[in-house]
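# Pasted the sequence and its predicted model underneath.
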Amino acid sequence: MSEIVTLTRCDSYERSAVRSALERHLELLGGLGRFVSPGDNVLLKPNFIAPKSRRKATQTDPAVIVELARILKDFGAKPFIGDSPAWGTVRRCIRALGMEDELAGLDVAVRQLNRPRLLRVGRDGARVGISQLALDADVIINLPKFKSHRQMVATFAVKNVFGTVCGKQKAYWHFAKGKSFNEFCRFLIDIFKLLDPAVTIIDAVTVMDGPGPITGRARPLGWIIGGNDPIACEAVCCRLVGMDPLQLPMIAAADSIGFGVSRMEDIRILGDDLPPVPCQDFELPDLIPLRFSLPHVCRSIYRQAMMLARKTAP
């Protein structure tokens, strides 16, 4: 059977347009009730890598986050927003996006994904500190941003769940698992399988190309992509910008272990059709090493500790 990916044109972050697109995705995927029950605690896991304004396209746009939260609240679920940013805190990221008051008005909690619980992940049983807050959620909805990435070529779906790993452990795992694309991507896939998000909805209305994932160029693309299979979603994202899916390290690694669906002939697109001509000028980054050095990891941990110490100082 074909794997379904939903594709919807959405040319702006005007709230009614975003809500309509999200409702269409959920309907095409079988309805919200297929994934969520009234009363469920639902973690909305956006990409909050660093506290940057929405104009930078660094983070999942607030329109996507807030409108999905409204849909869930209307359904009777209990959404909360959570992440463990590489830089700063969830609160700082929310503030940079200008959505703090709106979420408070909706009574939607904002949580730093901390309280690590050590779990064995993957074939080698690596002990990874996954946030207990994420593990306790009844449902996880993955809300990544469509971005280029100087270490991974581009990130569309799977890597966003890496944000459930607490704090600067993420930098450590770049060091420990970053010897090759295959090893690191399989590690990310193992984390994704452990958390098992119910659905992925990718914000590609405005995307980032060039030297992402923080300092690239914000540029319009005009799509929202959704699905249950993150690899099928990543394959469709590749096609939107003219990439061969197997050019993406994440898809190549998934293909090597039989995780997900990566071949377009095995993917059924519902909603809008793929454009006959993909985006012609999406700029891929010049790659830098995937593996962080040990001094880099130590400096990163120190800087984050100092930042948090200043935040909590009287």
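Right, received. Where do you want to start? Numbers count the residues shown, from 1 in each chain.
# got the buried residues for stretch 66-79?
In terms of neighbour count (16 or more other CB atoms under 10 Å), stretch 66-79 has its buried residues at 66, 67, 68, 69, 70, 71, 72, 75, 77, 78, 79. C-beta: built from backbone N, CA, C; applies to glycine.
# average pLDDT for it?
In this model, stretch 66-79 has a mean pLDDT of 98.
# Spit out the contact partners of residue 42.
36, 72, 77, 78, 79, 80, 137, 138, 139, 140, 141 (CB atoms under 8 Å, 6 or more residues apart in numbering).
# My reading is that it lies in a helix. Confirm?
No. Under DSSP: H, G, I helix; E, B strand; the rest coil, residue 42 falls outside any helix and is assigned strand.
# Bridging across strands, which residues link to it?
residue 79, residue 139 (DSSP bridges).
# Counting neighbours, what do you get for the closest residue to residue 266 other than its chain neighbours?
Spatial nearest neighbour of residue 266, excluding adjacent residues (CB to CB, 6 or more residues apart in numbering): residue 2 at 5.8 Å. Number of residues near residue 2 (other CB atoms under 10 Å) recorded here: 11.
# And the strands in the protein?
With DSSP state E, the ranges of strands along the chain come out as 3-9, 41-46, 78-83, 109-112, 116-121, 126-131, 139-143, 145-149, 153-155, 199-209, 217-227, 267-271.
# buried sites along the fourth one?
By neighbour count with 16+ other CB under 10 Å, strand 109-112 contains the buried residues 110, 111, 112.
# right, and out of the residues you listed, which lies closest to residue 91?
Nearest to residue 91 among the buried residues of strand 109-112, counting by CB to CB, is residue 110 at 6.5 Å.
# That closest one: what's it in contact with?
Counted by CB under 8 Å, 6+ apart, residue 110 has contacts 80, 81, 82, 90, 91, 94, 100, 103.
# Can you name the residues bridging to it?
Beta-bridge partners of residue 110, as defined by DSSP bridges: residue 81.
# Quick check: phi and psi at the most centrally placed residue in the chain.
Residue closest to the mean C-alpha point of the chain, counted by CA atoms, centre = their mean, is residue 144 at 2.6 Å. With angles defined as degrees, to the nearest 10, residue 144 sits at phi -80, psi 170.
# sorry, back to before: quick check: the farthest pair among the buried residues of stretch 66-79?
67 and 78 (16.6 Å).
# before we move on, the earlier item: present the contacts of residue 110 as CSV; the columns should include neighbour count and distance to residue 55.
Output for the contacts of residue 110, formatted as CSV (neighbours: other CB atoms under 10 Å; distance: CB to CB, whole Å):
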residue, neighbour count, distance to residue 55
80, 17, 26
81, 23, 20
82, 24, 24
90, 21, 20
91, 16, 20
94, 24, 16
100, 14, 17
103, 20, 20
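# Between the residues you listed, which sits nearest residue 162?
residue 82 (13.4 Å).
# doesn't residue 135 make contact with that closest one?
No. Between residue 82 and residue 135 there is no contact under CB atoms under 8 Å: 11.3 Å.
# Which neighbours do these two have in common?
Counting by CB under 8 Å, 6+ apart, no residue touches both residue 82 and residue 135.
# Measure how buried residue 32 is and give me the count.
Residue 32 has 22 nearby residues by other CB under 10 Å.
# ugh, typo on my part, it should be residue 183
Neighbours around residue 183, by other CB under 10 Å: 16.
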